[in-house]
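# just to be clear, the model below is a prediction. Sequence and coordinates:
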Amino acid sequence: MSHILVVGAGWLGLPLSAALTQAGHRVTATRRSSDGLQAIADVGATPLQLDLQQPIPALPQCDLMVLCLPPGRQPDAAPFHERLTPLFDAAAEAGVTKVLFTSATSVYGSVQGRVDERAELDSGERAARMLKVEQEIRARFDQVTVLRLAGLVGGERHPGRFLAGKSGLLGAQDPVNLVHRDDVISAILALIGADLWGETFNLASPHHPGRKAYYLHCARCLGLAAPSFDSEHHQPRWVVGDKIAQALGWRYRHTNLYALPELTR
């Protein structure tokens, strides 16, 4: 089994670290502050404090890194890819040759219609933040696979809170594009098990209900105020995430967004 470095053991990276250790891998996982280090140890991984704003500590020798860091929204911060440069240097010194990067479907920006991995990429600032990191990682490491994640749900990320009580929203009939954390973790384990590199995959549930109907239902599940919409259509987009299923013989667990465990408890 591999020694895997999980950078960013937060909402996604911590349960991913737990799943990797349960699968028999040796895992080192990082957190920015010391507060979360015990949680990493509790799931059987080795904790390492790592803050991109500070000098990068020596990394353990390993050949595989899973990068689960969000770009952040600080307007005065250096571009995301520049903040990652010292980490990439340290990872290369530690022998990392394989990287799995959790990117986002925001790279497609305002592209409408059916959006698969061949779709046009957006040139806006928000899309460029993630796309530049994808490009930098591919330039720095030999074997890279990118997972472009749709809107993330699961655990404390309950879809009932996303739009509750908001008004003047656009696109009541636009499709919802979400993926559950369980499926993200399952897909990452499948990719590592298949040793599949040099690929780009979308990850999105095959179920795309309309925004109004879905988010009204989700808000009701939590007893929260319903959102209201001012337009029927805005930027209708269906993110297609079936390429990874075909490549790996893998299946999404959550194929009905109304039946997510967070909505049925």
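Okay, I see it.

# how about the strands in the stretch 151-265 of the chain?
With DSSP state E, counting those that start in this stretch applied, the stretch 151-265 of the chain shows strands at 151-153, 178-180, 200-203, 237-239, listed in chain order.

# before we move on, what about the stretch 1-150 of the chain?
Going by DSSP E, counting those that start in this stretch, the stretch 1-150 of the chain shows strands at 3-7, 26-31, 46-49, 64-67, 98-104, 113-115, 143-149.

# show me the shaky parts of the stretch 51-200 of the chain.
Within the stretch 51-200 of the chain, the ranges that satisfy pLDDT under 70 run 72-77.

# residue contacts, Gly36?
9-10, 14, 47 (CB atoms under 8 Å, 6 or more residues apart in numbering). For the C-beta atoms, the positions are set from N, CA and C on the backbone; glycine is no exception.

# likewise Val133?
Val133 neighbours (CB under 8 Å, 6+ apart): 71, 80-81, 84, 101, 103.

# neighbours around Arg148, how many?
25 (other CB atoms under 10 Å).

# re earlier: okay, the strands of the stretch 1-150 of the chain in JSON lines with distance to Phe162 next?
Below are the strands of the stretch 1-150 of the chain laid out as JSON lines (distance: least, CB to CB, whole Å):
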{"stretch": "strand 3-7", "distance to Phe162": "26"}
{"stretch": "strand 26-31", "distance to Phe162": "26"}
{"stretch": "strand 46-49", "distance to Phe162": "31"}
{"stretch": "strand 64-67", "distance to Phe162": "25"}
{"stretch": "strand 98-104", "distance to Phe162": "16"}
{"stretch": "strand 113-115", "distance to Phe162": "20"}
{"stretch": "strand 143-149", "distance to Phe162": "15"}
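
# out of those strands, which comes closest to Gly124?
strand 98-104 (13.1 Å; CB to CB).

# so what's the residue count around His158?
Residues near His158, counting by other CB under 10 Å: 18.

# quick one, what contacts the closest residue to it other than its chain neighbours?
Spatial nearest neighbour of His158, excluding adjacent residues (CB to CB, 6 or more residues apart in numbering): Glu262 at 5.0 Å. Glu262 makes contact with 153-155, 158-160, 221, according to CB under 8 Å, 6+ apart.

# are any of those residues buried, and which?
153-154, 158-160, 221 (16 or more other CB atoms under 10 Å).
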